[in-house]
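Asker: sequence and predicted structure below; questions after.
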Amino acid sequence: MPTPRKARQTAKPAAGTAPAASEDELRAFYRQMLLIRRFEERAARAYTEAKIGGYCHLNLGEEATVVGLMSALGPDDYLYANYREHGYALARGISPERAMAELFGRTDGVSRGWGGSMHMFDPSVRFMGGYGIVGGQVPLATGTALAIDYRGGPEAVMCLMGDGTTNIGAFHESLNIAALWRLPIVYVVNNNGLGMATTVEQSSAEPELHRRAASYRMPSARVDGGDPVAVREAARVALAAARAGTPYLLETLTGRMKGHSVVDPARYRTREESEAARAADPVSAFADRLRDGGILTEDELAGIDREVTAEVASAVAFADASPQPEVSTLFDYTYATAVPNDSRRLPGEALFPAAPRPAARTEVAA
């Protein structure tokens with residue numbers, strides 16, 4: 001399995017791009033990356049404190065990819081994510097307070113506490129959810145692109161997924177129909193080299209996943225996911241193509257610094273592979289780049305870290321103070337509008353009323 005650093009060296013910029021950003025943009029990119037890093041570190045700690053339940057997948061190592069992709073989206077574009085979604089929620093405009101409260105299962109969370117780590121949702125910023133089913137978001141995102149095309153709107157859809165999703169049927173069915181109907185959608189494969197514990201090389205006959213687009217005569221590109229500027233430029237190219245009626249497949253070569261989820265010790269990695277993942281840390285690399293370029297001083301970097309750490313601490317305090325949801329609200333968000341025969345059964349309750357118990361038989365004396 002190639003290390004993240006070596007894998008990224010194989011990435012080529014998308015055709016026609018000239019990666020560039022102003023100093024203000026670079027500073028903003030770094031702050032956003034560091035916010036995601038500190039948020040995810042605090043989420044991992046909160047999980048060990050039993051403040052977060054269920055599954056919890058972190059964007060540690062993917063911060064540059066997250067920021068680059070989100071900076072390319074327009075405010076009216078739609079975003080579909082998978083279950084590794086916290087950083088995308090933050091970068092799309094969901095506040096750290098509402099995101100952390102959702103992780104804590106509290107009523108002030110972005111999904112009122114009923115979604116948790118994998119199911120954040122906020123239509124006000126057109127963040128159309130994370131999905132616990134692998135690839136569950138891909139057909140839905142494709143359907144949204146069809147709706148945009150049907151209405152003749154200017155928006156585009158970005159659909160995120162991990163490398164493992166490219167092996168399921170819904171991926172191929174969705175790309176096929178998007179290409180046939182020329183839908184305004186960009187499919188983004190965040191390739192961290194591992195589908196849970198299985199390497200891409202072991203699971204995919206074509207490990208350069210962007211090449212799968214060729215089966216549908218769809219343009220594609222592979223980009224270094226450790227560089228937010230390169231990711232943004234590649235995403236801009238992809239979105240421009242989608243808006244013009246040509247769907248696009250973008251593969252980002254990114255990293256995963258920890259296990260698949262917070263409870264995964266990643267014992268399937270060798271010591272060398274774990275060290276390589278840490279060495280490819282995009283946040284540290286970007287800080288070095290800005291310091292060496294004279295854009296941020298060491299004191300300024302430390303100041304940003306203090307600000308971000310305080311912001312995350314405030315989000316935790318907000319989440320702690322938010323009330324638990326009432327059980328009676330469990331079904332309030334199952335459907336957007338009322339539907340006939342909507343079941344409101346709580347877990348453990350019988351589907352049908354219990355049959356009446358037979359009357360006790362009276363013994364007749366002989």
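Answerer: That came in fine, so what should we check first? Numbers count the residues shown, from 1 in each chain.
Asker: which element is Arg45 on?
Answerer: Element membership for Arg45, per DSSP states H and E: helix 23-48.
Asker: hey, where'd the strands end up in the stretch 201-350 of the chain?
Answerer: With strands called from DSSP state E, counting those that start in this stretch, the stretch 201-350 of the chain shows them at 220-224, 248-253.
Asker: hmm, back to that, show me what the helix holding Arg45 is packed up against.
Answerer: For helix 23-48, the packing partners by 3 or more Cβ pairs under 8 Å, 6 or more residues apart in numbering; DSSP states H and E come out as helix 63-72, helix 86-92, helix 96-103, helix 228-243, helix 282-292, helix 298-321. Yep, even glycine has a C-beta here, placed from its N, CA and C like the rest.
Asker: and these, which is most packed in?
Answerer: helix 63-72 (a mean of 28; mean count of other Cβ atoms under 10 Å).
Asker: pLDDT weak spots in this structure?
Answerer: 1-19, 362-366 (pLDDT under 70).
Asker: and the residue most central in space within it, what does it touch?
Answerer: With distances taken as Cα atoms, centre = their mean, the residue of the chain nearest its centroid is Glu85 (2.8 Å). By Cβ atoms under 8 Å, 6 or more residues apart in numbering, Glu85 lies in contact with His57, Ser117, Met118, Met120, Gly130.
Asker: which phi and psi does it have?
Answerer: Per-residue torsions, Glu85: phi -120, psi -10 (degrees, to the nearest 10).
Asker: next one: the residue nearest to Gly164 when sequence neighbours are not counted from Thr166, what distance?
Answerer: Closest residue in space to Gly164, ignoring its immediate chain neighbours: Gly195 at 3.0 Å, by Cβ to Cβ, 6 or more residues apart in numbering. Distance of Gly195 to Thr166, given as Cβ to Cβ, to the nearest Å: 9 Å.
Asker: so these two - more neighbours on which side?
Answerer: Thr166 (25 against 20; other Cβ atoms under 10 Å).
Asker: the helices in the stretch 101-250 of the chain, which residues?
Answerer: Secondary structure of the stretch 101-250 of the chain, counting by DSSP state H, counting those that start in this stretch: helices at 137-151, 169-181, 200-203, 228-243.
Asker: in a markdown table: these, plus distance to Leu90.
Answerer: Output for the helices of the stretch 101-250 of the chain, formatted as a markdown table (distance: least, Cβ to Cβ, whole Å):
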| stretch | distance to Leu90 |
| --- | --- |
| helix 137-151 | 18 |
| helix 169-181 | 26 |
| helix 200-203 | 27 |
| helix 228-243 | 14 |
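Asker: quick one: which of the ones you listed is nearest Glu251?
Answerer: helix 228-243 (9.4 Å; Cβ to Cβ).
Asker: got the angle for the closest one vs helix 63-72?
Answerer: 40 degrees (axes from the mean of the first three to the mean of the last three Cα atoms, to 10 degrees).
Asker: now the strands of the stretch 201-350 of the chain in CSV, with distance to Glu300?
Answerer: Listed next are the strands of the stretch 201-350 of the chain as CSV, based on distance: least, Cβ to Cβ, whole Å:
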stretch, distance to Glu300
strand 220-224, 25
strand 248-253, 28
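Asker: any idea how far the nearest residue to Leu103 once chain neighbours are set aside is from Val308?
Answerer: Spatially, and ignoring its direct neighbours in sequence, Leu103 is nearest to Ile52 (4.9 Å; Cβ to Cβ, 6+ apart). The spacing between Ile52 and Val308, counted by Cβ to Cβ, is 20 Å.
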